[in-house]
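A.B. asks: quick one: sequence and predicted model below, then my questions.
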Amino acid sequence: MATVTAPNGKGFATERVVDALEVTHEASWSTLYRLAGIAALAVVALVPIGALVYILWPPPTTVTGWFAQYHSNPIVGLLNQDLLMMIDQAILIGLFLGLFVALRRSSQSLMTLALTLGLVGTAIYFASNTAFNMLNLSGQYAVATSEAERIGLVGAGQAMMATYQGTAFNVGYVMQGVADLLIALVMLRSTIFSRTTAWVGIAYGVTALVPASAGTLGFVLAFLSLVPMVVWFVLIGRRFFQLARPQMVRRQ
């Protein structure tokens, strides 16, 4: 805590002043902070749902298998092809904005870069996901009347699956991993989030730098990254609810 000296009629007294070790709540950002807290906890709440779907209805390994799953249970097909992640990505927009506002004074340049990478990564992810394309193709495949038509639809499905975890997916995945890592590093400089929160975020950011589609390593890291992600988002969500209160907020 910084100090200044000021006259008080009896000499000079030391007076504590607010500096980088505490942040004055900005009432105008209360709604955004609250929404960011809700977003962080919502992402956490979707994790067990995604895991349960993966266990109960494992993703198919062939295009015709995907068509069959979509035809028999469209919701399961969409969930297996990352419907929940699409919801996560939409939710993360609010979280990225909240983190930018909360941490911008600690490093405006790094937070601007992190916000840009995060939002662009989200846009790229939406462009790469082909779940609804596959749903449409599965419907066409179910009513196809000739072998040639079915072969053409299988080829289109293979193209959709290649796009699903292709270049755009990988680029967006890495961009968001870098964004998360930058945010966690800025947290180390700030007094708004604790160092524990920052280090958990760094662990998550590092494990999120390898795309889930990168073979066995990517799959393992994607699975392991869920642990620090859940902890980080819970800590972030809790802190945002504190920041949303109309009072002076000190580092927790």
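C.D. replies: Received the coordinates, thanks. Numbers count the residues shown, from 1 in each chain.

A.B. asks: all strands in this protein, in order from the N-terminus.
C.D. replies: Secondary structure of the chain (DSSP state E): strands at 3-7, 12-16, 22-23, 249-250.

A.B. asks: which stretch in the ones you listed has the least confidence?
C.D. replies: Across the strands of the chain, strand 12-16 has the smallest mean pLDDT, namely a mean of 35.

A.B. asks: contacts only, for the closest residue to Leu41 other than its chain neighbours.
C.D. replies: Residue nearest to Leu41 in three dimensions, not counting chain neighbours: Gly237, with 4.3 Å by CB to CB, 6 or more residues apart in numbering. C-betas here are computed from N, CA, C, even on glycine. Counting by CB atoms under 8 Å, 6 or more residues apart in numbering, Gly237 touches 36-41, 44.

A.B. asks: from these, which land in helices?
C.D. replies: 36-41, 44 (DSSP state H).

A.B. asks: can you redo those residues as JSON lines with distance to Tyr70 and neighbour count?
C.D. replies: Below are the ones in helices among the contacts of Gly237 laid out as JSON lines (distance: CB to CB, whole Å; neighbours: other CB atoms under 10 Å):
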{"residue": "Ala36", "distance to Tyr70": "34", "neighbour count": "29"}
{"residue": "Gly37", "distance to Tyr70": "35", "neighbour count": "23"}
{"residue": "Ile38", "distance to Tyr70": "31", "neighbour count": "18"}
{"residue": "Ala39", "distance to Tyr70": "29", "neighbour count": "24"}
{"residue": "Ala40", "distance to Tyr70": "31", "neighbour count": "26"}
{"residue": "Leu41", "distance to Tyr70": "31", "neighbour count": "18"}
{"residue": "Val44", "distance to Tyr70": "28", "neighbour count": "18"}
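
A.B. asks: out of those, who's nearest Ala102?
C.D. replies: Ala36 (7.9 Å; CB to CB).

A.B. asks: from Gly166, how far out is that closest one?
C.D. replies: 31 Å (CB to CB, to the nearest Å).

A.B. asks: CA-only coordinates of stretch 229-247 in CSV, if you can.
C.D. replies: The C-alpha trace of stretch 229-247 is given here as CSV (Å, rounded to 0.1, in the frame of the first residue of the first chain):
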residue,chain,number,x,y,z
MET,A,229,-10.3,-24.6,-16.6
VAL,A,230,-13.1,-25.5,-14.2
VAL,A,231,-11.1,-24.2,-11.2
TRP,A,232,-10.1,-21.0,-13.0
PHE,A,233,-13.6,-20.2,-14.2
VAL,A,234,-15.0,-20.8,-10.7
LEU,A,235,-12.5,-18.5,-9.2
ILE,A,236,-13.1,-15.9,-12.0
GLY,A,237,-16.9,-16.2,-11.6
ARG,A,238,-16.7,-15.7,-7.8
ARG,A,239,-14.5,-12.7,-8.2
PHE,A,240,-16.8,-11.1,-10.8
PHE,A,241,-19.7,-11.4,-8.4
GLN,A,242,-17.6,-9.6,-5.8
LEU,A,243,-16.7,-6.9,-8.3
ALA,A,244,-20.3,-6.3,-9.2
ARG,A,245,-21.0,-5.2,-5.6
PRO,A,246,-21.3,-1.4,-5.1
GLN,A,247,-18.3,-1.1,-2.8
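
A.B. asks: who touches the residue nearest to the spatial centre of the chain in this structure?
C.D. replies: Nearest to the mean C-alpha position of the chain, by CA atoms, centre = their mean, lies Leu92 at 5.0 Å. Contacts of Leu92 were listed using CB under 8 Å, 6+ apart, and they are 39, 43, 118, 122, 176.

A.B. asks: now the fourth one: how far from Asn136?
C.D. replies: From Thr122 over to Asn136 the distance is 23 Å, taken as CB to CB.
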